[in-house]
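> Build me a model from this:
(one chain, ligands or ions: 1)
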Amino acid sequence: MNILVTGGAGYIGSHFVKVLRRTDNRIVVLDNLSRGHTESVPDGVSLEKIDLLDFTSLTDLFSRHSIDAIVHFAAFAYVGESVDSPDIYYRNNVLGSYNLIEAAKQGGVKKFVFSSTCSLYGNPDQMPIKEDFKTDPLNPYARTKLMIEQVLRDYDTAFGIKSVCLRYFNAAGASFDGDIGESHHPEPHLIPIILNTALGKRESVTIYGDDYPTDDGTCIRDYIHILDLADAHLRALNYLVEGKDSTIINLGTGYGNSVLEVIRKCGEITGKKINYKIGERRAGDPAILVADNHKARTVLGWIPKFGIEQTIESAWKWHLNPRY
Ligand code: UDP
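From the prediction side, this is the model:
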C-alpha cells in the first residue's frame, strides 16, 4: 500500500515511519517542518513539505501519489499554548485536519488513522478510563481533537471513510538505537524535563502540585513507550485493511506512575541526582489519568511491550546524544 504519514517528521510520526519502513508498504511523509525535524525522516522516504492549510498543494499531492491510507499525526500539541493561542490550534488542528479529510474524500482514500488524545476525557471520576466514558475536553487542544473525531464519524456515515481514532495517554521514550527521539522547543513534557535536569541543562524540576488525592500527592499518568504507540498504528492500519468498522481506541499501558516516582526512577537510571521543588498546580491537570487498554488488546491484538524503566532508558540514551 501507499501510506501517507502526516507529521512524519515529528516525534510520534517519525517513530511510526521507522516501524512502517520494516513492512513492504510505500511511505509518503507530509510535514510543513514547522515543528518537525528533517533529520528524523530516513533517507529514501519521500518527504513532501506541504502545509495542511494549503488545500491546492494537498489535492495535488493526492493526484501525484496514489494513496491507499492516511495516518494523520500532524498537529500542534501543547495544552498550555492552546489556551493562550486557541486561534493557531483551531486553524492548524481543525482547519488543517479538515482539509486533509476532504482531500482524502476527493482522492478516494477510505482508510484513516487519527492521532487523538486521552485529554478529551477531561477529569474523569473513575479509573481506568474506558473508551465509552463521556468526553469533556477542558482546553482548546483537546477540543480540536474531539472535533476531528466527530468529522471522521460524519465522513464515515456520509462517504464511507473508515477511521481508527487512537487516544494516546502520555507518549514517552525514544527509539532504542538512539537514532530518533523527542526534541520539542520549548519542552513541556515531564520525562525530557527531568532528563535535561540530570544533564545539568536545567537547575531543577518543578513538580506541579503535591496536594493531589494520590499516595504521594503528585499527579499520576500512564507513560506509554513511543514504539508501542507506533506498533498500535500499524495494527490499526491492518484493522482497516481487513474492512472493519470505524472505531475509537485508548492506547496506554494500563499502569500509572506519579511525578515523584518518575523522578525517582530517572535518578536511578541516570545515576544522577535530580533536583526538584514543589510548585503550584498546573491549571487543568487531572489528578490521575490511566488507560483501560482492553479494547486495544482485543480489537487490535496489541500488547504494550515496554514499561516505564525501558521508556526512561531509551529517552536517556537519546538525551545523552540528540541528533536534532
Ligand atoms: N509535570 C510536572 N512538572 C513539569 C512537567 C510536568 O510536575 O515540569 C507533571 C504534570 O503536571 C503531569 C505530568 O507531569 O502531571 C505529565 O505532564 P506532561 O506535560 O509530560 O504531560 P501531560 O500529562 O500534560 O500530557
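> Could you report the separation of the residue nearest to His294 when sequence neighbours are not counted from His65?
Using Cβ to Cβ, 6 or more residues apart in numbering and skipping residues adjacent in sequence, the residue nearest His294 is Lys130, 7.9 Å away. For glycine as for every other residue, the C-beta is placed from the backbone atoms N, C-alpha and C. Going from Lys130 to His65 by Cβ to Cβ, to the nearest Å gives 38 Å.
> Next: Pro213.
Distance from Pro213 to His65, by Cβ to Cβ: 51 Å.
> Those two - which one has more neighbours?
His65 (17 against 7; other Cβ atoms under 10 Å).
> How about the contacts made by the more buried one?
If you count contacts by Cβ atoms under 8 Å, 6 or more residues apart in numbering, His65 has them with 2, 4, 28.
> Just to check, the second one is in contact with Ile70?
Yes. Leu4 is within contact range of Ile70, at 4.7 Å (criterion: Cβ atoms under 8 Å).
> so what's in contact with those two at the same time?
Contacts common to Leu4 and Ile70, judged by Cβ under 8 Å, 6+ apart, are Val109.
> what are the phi and psi values for Ala172?
phi -160, psi 170 (degrees, to the nearest 10).
> Quickly list what Ala291 is bridged to.
Beta-bridge pairing for Ala291 (DSSP bridges): Ile129.
> how many neighbours does it have?
Other residues close to Ala291 by other Cβ under 10 Å number 29.
> Please look at it and Phe169 and confirm they touch.
Yes. The pair Ala291 and Phe169 passes the contact test of Cβ under 8 Å, sitting 5.0 Å apart.
> Which residues are in contact with each of those two?
Common neighbours of Ala291 and Phe169 (Cβ under 8 Å, 6+ apart) are 118, 222, 224, 250-253.
> what's the burial count for whatever residue of the stretch 1-150 of the chain ends up closest to the ligand?
The stretch 1-150 of the chain approaches the ligand most closely through Val79 (5.8 Å), counting by Cβ to the nearest ligand atom. By other Cβ under 10 Å, 19 other residues sit near Val79.
> Repeat that for Glu313.
Neighbours of Glu313 (other Cβ under 10 Å): 18.
> Apart from its chain neighbours, what residue comes closest to it?
Ile269 (5.7 Å).
> did I read that right, Leu237 in a strand?
No. Membership of Leu237 in a strand is not supported by DSSP: H, G, I helix; E, B strand; the rest coil, which gives helix.
> Please tell me I have it right and it contacts Ile3.
Yes. Assessed by Cβ under 8 Å, Leu237 is found in contact with Ile3 at 7.1 Å.
> Give the residues shared as contacts by the two.
69, 71.
> quick one: secondary structure of Pro213?
coil.
> what's near enough to touch whichever residue of the stretch 201-324 of the chain sits closest to the ligand?
Going by Cβ to the nearest ligand atom, the ligand is nearest to Cys219 of the stretch 201-324 of the chain, at 3.1 Å. Cys219 sits next to 208-209, 212, 258-259, 285-288 when contact means Cβ under 8 Å, 6+ apart.
> Kindly report the same for Glu187.
193, 196.
> separation between it and the ligand?
9 Å (Cβ to the nearest ligand atom, to the nearest Å).
> What residues does the stretch 101-250 of the chain have near the ligand?
170, 188-190, 193, 205-208, 219, 221 (Cβ under 6 Å from any ligand atom).
> hmm, 5 Å instead?
Taking Cβ under 5 Å from any ligand atom as the measure of proximity, the stretch 101-250 of the chain contacts the ligand at 189-190, 193, 207-208, 219, 221.
> Please, where are all the strands along the stretch 1-150 of the chain?
2-6, 26-30, 46-48, 69-72, 111-117 (DSSP state E, counting those that start in this stretch).
> Report the distance from the first one to the chain centre.
Here strand 2-6 is found 16 Å from its chain centre; the criterion is Cα atoms, centre = their mean, to the nearest Å.
> please renumber so the chain begins at 11
All set: I'll call the first residue 11, so the last point we hit is now strand 12-16.
> What strands line up against that strand, and which way round?
strand 36-40 (parallel), strand 79-82 (parallel).
> show me the contacts for Gly90.
Per Cβ under 8 Å, 6+ apart, neighbours of Gly90: 198, 292.
> likewise Lys305?
Contacts of Lys305 (Cβ under 8 Å, 6+ apart): 140-141, 257, 259-260.
> among the helices and strands of the protein, which has the poorest mean pLDDT?
Here the helix or strand of the chain ranked lowest by mean pLDDT, DSSP states H and E is helix 89-94, holding a mean of 91.
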